[in-house]
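K.L.:
Give me coordinates for this.
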Amino acid sequence: FERLYHAWVLEYRERYLRWANPRARPWEHTCRQCDGKCGTPDKDLVLCDHCDAMYGYKCLTPPLRKLPTGVWHCPDCKPKLKSVRGVRMMSAVAEQAARKRAELGDTPKRKVKQTMYLVKWAGLGYEHLTWETKKDIGNPALIEAFHKLNNTYPDEPDMPEEVVEQILEKENHINLENAGGLFCVPDLRTQLYAQTQAFQFAKFGLDIPEKVGCICGPKSAVLVSPECSDSETKREVVECLSDMVQRVARKDALPQLIQVNKNLPPLLSGEYDAVVPITSKGLMMNVGEIHGSVAFLGYRTFPDGSKGPAEINKLIRNVGDKIIAVDGTSTINKSFKEVIGLLRESGKNQFAIMRFLECRYSAVNGELTSVGSMGRYAYEEH
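P.N.:
Here you go, the predicted structure:
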């Protein structure tokens, strides 16, 4: 996706090509030199390794004598390789090789330098010498005496745990205290940050640290838990318990979101959902009736003049956007009084999950929206 986004979108914008120019449409499966008028068969088309544009090898200027056997770049992409020294262009061949390695489970490994010691075991002859790591020997005092005796020092002296913790404390890591957001958002942000950290270990084939894995989520907690390394039943128990702990930590926020999402159908054109926090002064927004529908009329401020969380985060796009659902309940064909009742009932929760229809679609019949009686047929047809 990233390669084609650069080739088809970003670079197209820089070249200022008109749409009528066939080179402006590299995704079409015909010769881009002649816009398919040459009738070149597929077997005589060459494919650019960067932008996937197809060219008849005889249509190029100058024409190719035969089909190239290696990587080939079209006339638009080839000059970019020479324009900037050392530039590395995204390649379809490299993508295919990476995809193949992933399918075969070929995880890239990082080389780790490890010190090993030649050990003479008591009671055994020299023919039984073996190479062992510091962990296998399990006797730090013996290893320290060896270094003193030979006047040597370890290649990588161990860093005390206290020093490691001091270094980590100076780093600006995301946790529940500084993640920011309301309700379950800090927990979700912390979990996403931990998953990003865990990926850095996993992509090199290293074990995920237990503290990081426990924050990533129930499934990652199972992978790092020492209690369930040898039993499938234990893994299921740990995953279940971890999931329960996270749900309790998020209190009622996540179950409410899940329940509402089950009641709401997929969005149609011009619609969007907004999770509006409930403050001590309510939703901090004004609503009114416009052409028989309840719509958003603007934000309200606190008595001290400060903005509410909905206004700060710009949750509602435009003044005049229609409210078509509140907490999974459709407001289509409901009176203003009934909609206000739904909003008041929603005020008993921590936030209101509202679906809006943008004001530029105000002429659309409410029954044709996603929460209308005919909207679901439009979705099924789509």
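K.L.:
now the helices for the stretch 251-382 of the chain?
P.N.:
Per DSSP state H, counting those that start in this stretch, the stretch 251-382 of the chain carries helices over the ranges 253-263, 309-312, 336-346, 375-381.
K.L.:
quick one: which helix or strand includes the residue nearest to the spatial centre of the chain?
P.N.:
Geometric centre of the chain, nearest residue: residue 192, 8.6 Å, by C-alpha atoms, centre = their mean. Assigned by DSSP states H and E, residue 192 falls within helix 185-202.
K.L.:
Which is the succeeding secondary structure element to that helix?
P.N.:
Toward the C-terminal end, the helix or strand that comes next after helix 185-202 (DSSP H and E) is helix 210-216.
K.L.:
Please point out which parts of the helix holding residue 192 sit buried.
P.N.:
For helix 185-202, the neighbour count (16 or more other C-beta atoms under 10 Å) marks 186, 187, 188, 189, 190, 191, 193, 194, 195, 197, 198 as buried. Where C-beta positions appear, they are placed from N, C-alpha and C, glycine not excepted.
K.L.:
Would you mark the buried spots in stretch 337-349?
P.N.:
339, 342, 343, 346, 349.
K.L.:
ditto for stretch 301-308
P.N.:
Neighbour-count burial for stretch 301-308, counted by 16+ other C-beta under 10 Å, picks out residue 308.
K.L.:
still on that earlier bit, quick check: the residue nearest to the centre of the chain vs residue 208, distance?
P.N.:
Residue 192 sits 15 Å away from residue 208, taking C-beta to C-beta, to the nearest Å as the criterion.
K.L.:
And for residue 137?
P.N.:
26 Å.
K.L.:
The two: which has the busier surroundings?
P.N.:
With neighbours defined as other C-beta atoms under 10 Å, residue 137 and residue 208 compare such that residue 208 has more, 20 against 14.
K.L.:
Was I right to think that one contacts residue 201?
P.N.:
Yes. Here residue 208 reaches residue 201: they are 5.0 Å apart, a contact under C-beta atoms under 8 Å.
K.L.:
quick revisit: which one of the buried residues of helix 185-202 is nearest residue 299?
P.N.:
When these are ranked by distance to residue 299 (C-beta to C-beta), residue 186 comes first, at 24.0 Å.
K.L.:
and the closest residue to the closest one other than its chain neighbours, what element?
P.N.:
Leaving aside its chain neighbours, residue 186 sits nearest to residue 179 (3.9 Å; criterion: C-beta to C-beta, 6 or more residues apart in numbering). Using DSSP H and E, residue 179 falls within no helix or strand.
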